[in-house]
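Visitor: can you look at this prediction? I've put the sequence above it.
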Amino acid sequence: MSEQKKYIRNFTEEARAKQKEHLSQIRQKAMEKKREMKEITLKAKLMKLEPKIELAKQYDEYVSNRIIQPQPEPEQEEIIEVQKPKPKPKKKIIYQEVEEEEEEEQIVYVKKNKPKPQESLNSTLYKSSQETLFNRAIEERIRANLTGFYSAMLPREY
């Protein structure tokens with residue numbers, strides 16, 4: 001039979017004290033390194049926040065320094081009556097029978113179209129701004145859908 005070897009630590013009290021001291025120094029260095037890493041991550045987070053904080057300060061300064069102009073009372077808006085288009089009169093052809101000697105007469109009623117009034121500048125600006133907002137909303141929806149589909153197609157690690 002083979003005998004199992006017993007490993008006995010042959011440390012003296014001095015060696016144990018040196019080992020404890022060595023381990024405590026390693027712990028202190030590790031704690032210092034950990035503090036340094038925390039500071040670095042905190043600084044990195046602050047670096048990301050700095051531009052936002054500066055923008056907020058600039059906005060606050062702008063709001064506080066802005067001269068408040070008295071708003072003029074709204075003028076009476078031009079009231080534009082929108083008239084429903086009248087139904088177009090149909091051409092009427094009326095035949096009248098007269099004596100045999102005379103021929104039949106045609107009576108035709110024709111309505112002339114009046115020129116349409118031009119739209120005001122305010123209404124055209126309003127319509128164009130509505131169109132641009134509508135187009136921008138559609139573009140944002142498309143962009144969001146495309147980024148969502150793109151991220152869904154990317155392979156993921158689990």
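Guide: Received it, and whenever you're ready, just let me know what you need.

Visitor: what ranges do the strands span in this protein?
Guide: With DSSP state E as the criterion, the chain has strands at 93-96, 105-108.

Visitor: tell me the mean pLDDT over the first one?
Guide: Per-region confidence: strand 93-96 scores 59 on mean pLDDT.

Visitor: longest helix anywhere in this protein?
Guide: Using DSSP state H, we find that the single longest helix of the chain is helix 13-65.

Visitor: and it, what does it pack onto?
Guide: Helices and strands touching helix 13-65, by 3 or more CB pairs under 8 Å, 6 or more residues apart in numbering; DSSP states H and E: there are none. Yep, even glycine has a C-beta here, placed from its N, CA and C like the rest.

Visitor: against Ser128, how distant is Asn135?
Guide: To Ser128, Asn135 is 11 Å away according to CB to CB, to the nearest Å.

Visitor: typo on my end, it should be Lys116
Guide: Distance from Lys116 to Ser128, by CB to CB: 19 Å.

Visitor: more neighbours, these two?
Guide: The neighbour count for Lys116 versus Ser128, taken as other CB atoms under 10 Å, is higher for Ser128 (10 against 6).

Visitor: quick one: the more buried one from Asn122, how far?
Guide: Here the criterion is CB to CB. By it, Ser128 lies 11 Å from Asn122.

Visitor: ok, now Lys90?
Guide: From Lys90 to Asn122 the distance is 37 Å (CB to CB).

Visitor: these two: who's more crowded?
Guide: Between Lys90 and Asn122, counted using other CB under 10 Å, Asn122 has the larger neighbour count: 11 against 8.

Visitor: and the pLDDT for that one?
Guide: For Asn122, the predicted pLDDT is 86.

Visitor: and the closest residue to it other than its chain neighbours, how many neighbours does it have?
Guide: Spatial nearest neighbour of Asn122, excluding adjacent residues (CB to CB, 6 or more residues apart in numbering): Glu78 at 7.9 Å. The local packing of Glu78 (other CB under 10 Å) involves 8 other residues.
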